[in-house]
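1. predicted model and sequence below, questions to follow.
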Amino acid sequence: MSESSITPDVPRHPAGLPLDSPPRDVPRTPRSKGEPRFPDGPQPDPAGSHFERRIRSFQPRRSRVTQGQADALQRLWPKWGLDIDGQRVLDLKELFGADLPVVLEIGFGMGEATARMAAEDPGTGILAVDVHTPGQGNLLNLADRGGLTNIRVGNGDAIILLREMLSPDSLDGLRVYFPDPWPKKRHHKRRLIQPEFLTLAASRLRPGALVHCATDWEPYAEVMLEVLTAHPAFENTRPDGGFAPRPDSRPLTRFEAQGVDKGHVVNDLLFRRVPLSADSADS
């Protein structure tokens with residue numbers, strides 16, 4: 001989820017969490033080839049060459065890292081961050097230090113909405129995954145300043161996380177807000193919400209878990225609705241089988257509000273994981 005940059009005249013996050021200000025670039029110090037920029041922080045390519053090359057739904061973006069974000073990455077990554085290397089299966093109880101229901105959020109941008117959702121629902125753990133280093137640092141910073149202990153930040157490919165690092169039925173929800181719509185027809189194969197992805201996600205979601213997607217790209221919204229409706233592991237929570245109103249649990253971000261002001265239509269989709277006959281046989 002992409003967010004516009006924070007302007008200097010906005011001193012605080014809408015949830016009351018202080019933003020990282022003023023933004024200052026972190027001076028780049030000389031380092032040898034292959035040396036990570038943040039030695040104790042997220043690695044550039046945590047999965048490396050351990051897994052097959054495939055079409056990815058994301059493209060890492062390069063942008064400046066502020067001093068506050070860099071400090072958060074150095075201080076808090078060992079405590080609240082994890083690299084998605086595909087080399088181990090996560091114990092979510094151990095990861096969160098408590099027996100919390102855990103939802104996976106794929107793509108959190110600068111983390112403002114994630115921080116607000118965590119603050120408003122401290123009884124739910126949020127495993128938030130992205131590849132954008134400034135956003136990772138900003139979310140850690142917001143969590144630290146807001147005293148939010150129910151957020152963990154994952155760095156890397158969410159497909160590898162789901163396939164290699166999460167146990168069956170380990171998640172209580174999935175959130176995909178404003179994924180890259182890949183609008184050009186030749187790039188549609190890069191879109192995240194596809195039947196194969198939903199089958200993988202369903203294997204990690206408990207029956208009854210909620211899948212919540214949102215997009216401001218109407219053609220992609222129609223495809224999401226079609227693909228989710230056709231998948232046997234999910235059912236629409238809307239009796240009419242259509243889009244859902246934005247629930248209060250999903251904050252309206254400034255990025256989204258700006259799009260609405262420009263005439264963009266935002267569509268939410270709320271689907272529930274349903275048990276299949278194979279699920280019952282395995283239990």
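-> Alright, I've got the coordinates. Only a predicted model underlies this, so the values are computations on that prediction, with no experimental measurement involved. Numbers count the residues shown, from 1 in each chain.

2. how distant is whichever helix or strand residue 176 is part of from the center of its chain?
-> Element membership of residue 176 [criterion: DSSP states H and E] is strand 171-177. Centroid separation for strand 171-177 versus its chain: 8 Å, with Cα atoms, centre = their mean, to the nearest Å.

3. let me see the mean pLDDT of that strand.
-> Regarding strand 171-177, the rounded mean pLDDT is 98.

4. top strand in the chain by residue count?
-> As assigned by DSSP state E, the longest strand anywhere in the chain is strand 205-215.

5. what's the angle between that one and strand 171-177?
-> Counting by axes from the mean of the first three to the mean of the last three Cα atoms, to 10 degrees, strand 205-215 lies at 10 degrees to strand 171-177.

6. helices and strands around the following helix or strand past strand 205-215, which ones?
-> Sequence-wise, the next helix or strand downstream of strand 205-215 (DSSP H and E) is helix 218-230. Packed against helix 218-230 by the contact rule (3 or more Cβ pairs under 8 Å, 6 or more residues apart in numbering; DSSP states H and E) you find helix 195-204, strand 205-215, strand 234-236, strand 267-273. In short, each C-beta sits where N, CA and C put it, glycine included.

7. kindly reformat those as TSV containing mean pLDDT, mean neighbour count and distance to residue 129.
-> Shown next, in TSV, are these (pLDDT from 0 to 100; neighbours: other Cβ atoms under 10 Å; distance: least, Cβ to Cβ, whole Å):
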stretch	mean pLDDT	mean neighbour count	distance to residue 129
helix 195-204	98	17	13
strand 205-215	98	21	15
strand 234-236	98	18	20
strand 267-273	98	21	19
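
8. what's the closest of those to residue 143?
-> For residue 143, the closest of these is strand 205-215, at 20.6 Å, according to Cβ to Cβ.

9. convert the C-alpha atoms of that closest one to CSV, please.
-> Output of strand 205-215 as CSV, limited to C-alpha atoms (Å, rounded to 0.1, in the frame of the first residue of the first chain):
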residue,chain,number,x,y,z
LEU,A,205,-6.0,-19.6,7.5
ARG,A,206,-8.2,-21.2,10.2
PRO,A,207,-11.8,-21.8,9.2
GLY,A,208,-13.8,-18.7,9.9
ALA,A,209,-10.8,-16.4,9.3
LEU,A,210,-11.5,-13.1,7.5
VAL,A,211,-9.9,-12.1,4.3
HIS,A,212,-10.1,-8.3,3.8
CYS,A,213,-9.0,-6.7,0.6
ALA,A,214,-9.3,-3.1,-0.6
THR,A,215,-8.3,-1.3,-3.8
